[in-house]
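Trainee: Everything below, folded, please.
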Amino acid sequence: MKIYRALKVHLISLATLLALAIASTSHAQSIEITQAVDRLNRQQSGQTGGPTEEDLRAIYAAQAGAINKQQDDLRRRCENREFQRGGGDPLMAMQCLVVMAGGQMQTGVRGVRLIGCEKAPGRPGWNCDWQVALDINSPGMPGSLNQMMGQWQTCTGRLVRAGQQWQMVERRC
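Mentor: Predicted coordinates for the structure are as follows:
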């Protein structure tokens with residue numbers, strides 16, 4: 001029991017030193033230190049099981065995959081000239097003009113950085129802060145859309161575990 005107490009005091013001291021080191025580091029280093037302190041604090045308080053950076057990346061990758069699938073479906077429908085069927089669909093015709101003239105947009109995730117999470121008080125899930133940068137490739141607008149969306153955005157939100165996966169139920173960026 002004495003060894004456990006000594007180790008706990010040592011971990012608390014280590015966490016305090018790491019937190020003090022944040023002030024003299026770069027932004028990227030401070031994020032890494034913050035994440036390490038967050039992990040130590042979770043271990044010390046017995047809180048485990050919160051979302052990880054990989055979990056957030058998987059959420060964004062699934063969303064990008066769904067967007068790309070919708071784009072693929074729209075391209076296929078445009079190639080089949082579905083906008084001319086029935087009485088015609090002017091909205092779909094406009095979408096087809098953009099897809100066929102500008103090329104197909106592809107969305108990906110350039111990166112995700114988890115800043116930290118804490119158990120959501122009185123609610124299911126975890127409140128988290130993170131940064132995300134998307135990768136949007138649009139041949140019709142080379143560079144411009146990707147430059148705008150590829151910048152790192154800081155977000156905050158609540159994530160809840162649903163089965164084997166995490167779901168983002170609230171998000172503000």
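Trainee: Tabulate the CA atom coordinates of the strand ranked longest in the chain in PDB.
Mentor: Secondary structure of the chain per DSSP state E: the longest strand is strand 106-119. Provided in PDB are the C-alpha atoms of strand 106-119 (Å, rounded to 0.1, in the frame of the first residue of the first chain):
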ATOM      1  CA  GLN A 106     -13.500  13.900 -53.000                       C
ATOM      2  CA  THR A 107     -13.400  14.500 -49.200                       C
ATOM      3  CA  GLY A 108     -10.800  13.100 -46.800                       C
ATOM      4  CA  VAL A 109      -9.400  13.700 -43.400                       C
ATOM      5  CA  ARG A 110      -6.000  15.400 -43.400                       C
ATOM      6  CA  GLY A 111      -5.600  15.100 -39.600                       C
ATOM      7  CA  VAL A 112      -7.300  15.000 -36.200                       C
ATOM      8  CA  ARG A 113      -5.700  16.100 -32.900                       C
ATOM      9  CA  LEU A 114      -7.400  15.300 -29.700                       C
ATOM     10  CA  ILE A 115      -6.800  18.100 -27.100                       C
ATOM     11  CA  GLY A 116      -8.600  16.500 -24.200                       C
ATOM     12  CA  CYS A 117     -11.800  15.000 -22.900                       C
ATOM     13  CA  GLU A 118     -13.600  14.800 -19.600                       C
ATOM     14  CA  LYS A 119     -16.700  12.800 -18.600                       C
END
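Trainee: Any buried residues in it, and which?
Mentor: For strand 106-119, burial by neighbour count (16 or more other Cβ atoms under 10 Å) applies to 107, 109, 112-117. The C-beta positions use only the backbone N, C-alpha and C, and glycine is treated the same way.
Trainee: in its sheet, what does it sit against?
Mentor: strand 126-137 (antiparallel) (DSSP bridges).
Trainee: Which of the residues in the partner strand are classified as buried?
Mentor: Residues of strand 126-137 classed as buried: 126-128, 130-132, 134, 136 (neighbour count, 16+ other Cβ under 10 Å).
Trainee: if we look at that strand, which residues are touching it?
Mentor: For strand 126-137, contacts defined as Cβ atoms under 8 Å, 6 or more residues apart in numbering pick out 31, 50-51, 53, 56, 60, 64, 105-120, 145-146, 149-160, 173.
Trainee: Redo the buried residues of strand 126-137 as TSV? Include pLDDT.
Mentor: Converted to TSV, the buried residues of strand 126-137 look like this (pLDDT from 0 to 100):
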residue	pLDDT
126	98
127	98
128	98
130	98
131	97
132	97
134	92
136	86
